[in-house]
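S.K.: Predicted model and sequence below, questions to follow.
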Amino acid sequence: MSLSVNFMGIKLNNPIIVAASPLTGSGSMIRKAIDAGAGAVVTQTIINEVRPNVRPRIAANSLGMQNIELYSDLTLEEWEREIYYVKEKGAVVIANILAHTPSEMAYMAKKVERFGVDAIELGISIPHGEGVELLISDIERLYNLTKMAVDSVKIPVMVKFSPNVSNLTALAKVVEKAGASAISAIDTLRSILGVDIDKAKVMLPTYGGYSGEGIRPIALATIASISQAVKIPVSGIGGIENYKNVIEYIMLGASTVQLCTSLIMNGYGKIREILVDLENWLEQKGYSSLEDIRGQALVSLKSFEEISIEPYIAKINGKCNAENCGRCIKSCMYDAISLNNDIIVIDDSKCTGCGLCVSLCEKKLLFLDW
């Protein structure tokens with residue numbers, strides 16, 4: 001059983017990539033990620049004109065993290081040294097670059113290619129600072145930016161997507177038409193983490209990008225939509241906390257996944273933990289590679305018009321007395337679940353088969369056979 005993947009024509013030892021982030025802001029930081037077991041690393045966003053990072057710029061809550069850090073504070077020329085430092089150890093490095101015109105994008109792509117990177121990621125979906133609407137939402141501009149970058153280099157070019165668009169599949173097809181080798185998604189979501197109500201101040205002084213577990217459902221939907229729209233590979237990003245999340249992304253069509261927030265919050269040991277658990281799960285299920293499961297769940301994903309109205313109702317497998325729980329009883333809007341002689345029972349005449357109780361049952365005793 002092998003965890004290796006072929007991504008954009010590059011062989012990776014495993015599907016875990018450390019995403020462009022504060023974690024990948026220098027060669028020494030990237031080396032930490034590689035030493036921890038990452039299959040590849042994406043540099044922090046490289047731009048032509050360096051701007052100082054504000055302080056404070058990162059805050060977190062129980063579900064994720066907001067950051068207002070825009071770009072790398074290293075110049076384009078300084079990145080040559082950093083990339084060399086990493087590449088001499090044989091690491092797979094993807095340069096995340098940002099430019100605002102096709103000619104500037106081509107210039108930067110050629111520069112980082114000469115530095116020795118294995119691939120390029122166009123970081124054009126950042127939801128704060130100048131705003132996502134300037135680049136990723138404009139189909140013609142997106143096509144030109146992508147095509148100029150692709151035509152200027154001989155290495156693969158990946159485009160990073162945001163879900164903050166109304167024409168996602170059209171944009172994916174445009175990127176594929178322009179010659180991109182892959183799409184990564186999703187970038188962070190425009191956010192305000194919260195308000196300190198005693199000080200009447202926001203947690204961070206401007207809108208930022210939200211990442212972490214809270215955005216995973218949005219990211220999964222985006223990955224599925226892109227996978228159904230194009231043939232080029234996809235790299236899934238957003239809220240990956242464990243091996244199950246990796247499997248979710250791959251079953252929805254992703255070839256690789258990118259981690260950031262979980263590593264910031266829990267440390268690089270998370271990479272090895274996920275890889276060990278992932279390998280064990282695949283072996284237990286009898287799979288020989290990740291390719292065996294890629295896209296498996298897409299066949300169960302239908303349009304709303306394709307869903308048939310079936311008379312499903314919730315069922316309980318075994319006996320439960322709701323001890324230390326009772327979430328199914330509390331959440332049932334239809335009063336279909338109750339306790340009878342300290343045992344949970346379901347009133348079939350009241351159950352509408354909504355499925356909420358099934359998703360909340362930590363003991364996995366409730367089910368809908370859909």
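M.R.: Yep, that arrived. Numbering: from 1, shown residues only.

S.K.: And the strand or helix carrying A221, what's buried?
M.R.: When secondary structure is defined by DSSP states H and E, A221 falls within helix 216-229. In terms of neighbour count (16 or more other C-beta atoms under 10 Å), helix 216-229 has its buried residues at R216, I218, A219, L220, T222, I223, A224, S225, I226, S227, A229. C-beta coordinates here come from the backbone N, C-alpha and C atoms, glycine included.

S.K.: Ok, stretch 105-118 next?
M.R.: Along stretch 105-118, these residues count as buried under the neighbour rule (16+ other C-beta under 10 Å): M105, A106, Y107, M108, A109, K111, V112, E113, F115, V117, D118.

S.K.: What about the residues you listed, which are in helices?
M.R.: Taking DSSP state H as the definition of helices, the buried residues of stretch 105-118 contribute M105, A106, Y107, M108, A109, K111, V112, E113, F115.

S.K.: Identify the spatial nearest neighbour of the first one, chain neighbours not counted.
M.R.: It stands for M105. If you skip the residues right next to it in sequence, M105 has A99 as its closest partner in space, 4.0 Å away by C-beta to C-beta, 6 or more residues apart in numbering.

S.K.: From S125, how far out is that neighbour?
M.R.: Applying C-beta to C-beta, to the nearest Å, one obtains 14 Å for the distance of A99 from S125.

S.K.: Neighbours of the closest residue in space to G214 that isn't next to it in sequence, how many?
M.R.: With C-beta to C-beta, 6+ apart as the criterion, G214 has its nearest non-adjacent residue at 3.7 Å, and that residue is L63. When neighbours are defined as other C-beta atoms under 10 Å, L63 has 13 of them.

S.K.: Hmm, L63 is touching G212, no?
M.R.: Yes - between L63 and G212 there is a contact under C-beta atoms under 8 Å: 5.9 Å.

S.K.: what's the overlap in contacts for the two?
M.R.: Here L63 and G212 have no joint contacts, going by C-beta atoms under 8 Å, 6 or more residues apart in numbering.

S.K.: give the contact list for L263.
M.R.: The neighbourhood of L263, defined by C-beta under 8 Å, 6+ apart, consists of V18, L23, A33, K270, I271.

S.K.: pLDDT value on it, please?
M.R.: The per-residue pLDDT reported for L263 equals 97.

S.K.: any idea which helix or strand carries K160?
M.R.: K160 is part of strand 157-161 when elements are defined by DSSP H and E.

S.K.: What of V175?
M.R.: With DSSP H and E as the test, V175 turns up in helix 168-177.

S.K.: Which residue, other than its chain neighbours, is closest to K350?
M.R.: For K350, ignoring the flanking residues on the chain, the nearest one in space by C-beta to C-beta, 6+ apart is A336 at 3.8 Å.

S.K.: sorry, back to before: can you give the distance of the helix holding A221 from its chain's centre?
M.R.: Its chain's C-alpha centre and that of helix 216-229 lie 9 Å apart, by C-alpha atoms, centre = their mean, to the nearest Å.

S.K.: Check which element follows that helix along the chain.
M.R.: Downstream of helix 216-229, the first helix or strand assigned by DSSP H and E is strand 234-237.

S.K.: That following strand pairs with which strands?
M.R.: Strand 234-237 sits in its sheet next to strand 182-185 (parallel), strand 256-259 (parallel), going by DSSP bridges.

S.K.: Include mean neighbour count when you put those strands into JSON lines, please.
M.R.: Putting the strands paired with strand 234-237 into JSON lines (neighbours: other C-beta atoms under 10 Å) gives the following:
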{"stretch": "strand 182-185", "mean neighbour count": "27"}
{"stretch": "strand 256-259", "mean neighbour count": "27"}
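
S.K.: who wins for proximity to V276 among the ones you listed?
M.R.: strand 256-259 (15.0 Å; C-beta to C-beta).

S.K.: Walk me through the domains of the protein.
M.R.: 5-296, 308-367 (automatic domain parsing).

S.K.: Endpoints of the last one, how far apart?
M.R.: In other words, domain 308-367. This stretch, domain 308-367, spans 18 Å end to end (C-alpha to C-alpha, to the nearest Å).

S.K.: just stretch 283-302 next, same as before
M.R.: The distance separating the two terminal residues of stretch 283-302, taken as C-alpha to C-alpha, comes to 29 Å.

S.K.: pLDDT on it, on average?
M.R.: Per-residue pLDDT values over stretch 283-302 give a mean of 96.

S.K.: for stretch 114-133, same thing?
M.R.: In this model, stretch 114-133 has a mean pLDDT of 80.

S.K.: Stretch 184-193 now?
M.R.: The average pLDDT for stretch 184-193 rounds to 93.

S.K.: Could you list the buried residues of it?
M.R.: In stretch 184-193, counting by 16+ other C-beta under 10 Å, buried: S184, A185, I186, D187, T188, L189, R190, S191, L193.

S.K.: Identify all contacting residues around it.
M.R.: Contacting residues not belonging to stretch 184-193 are listed as 59-61, 65-67, 121, 123, 125-128, 132, 158-164, 202-204, 207-211, 215, 218-219, 222-223, 226, 234-238, 258 [C-beta under 8 Å, 6+ apart].

S.K.: just for the stretch 1-150 of the chain, where's the confidence low?
M.R.: Residue ranges of the stretch 1-150 of the chain with pLDDT under 70: 128-136.

S.K.: who does the residue minimising distance to the centre of the chain bridge with?
M.R.: With distances taken as C-alpha atoms, centre = their mean, the residue of the chain nearest its centroid is I237 (1.2 Å). In this structure, I237 bridges to Q258 when assessed by DSSP bridges.

S.K.: Enumerate the positions of the helix ranked longest in the chain that are buried.
M.R.: Selection of the longest helix in the chain by residue count, based on DSSP H, yields helix 269-285. With burial defined by 16+ other C-beta under 10 Å, the residues of helix 269-285 counted as buried are K270, I271, I274, L275, L278, L282.
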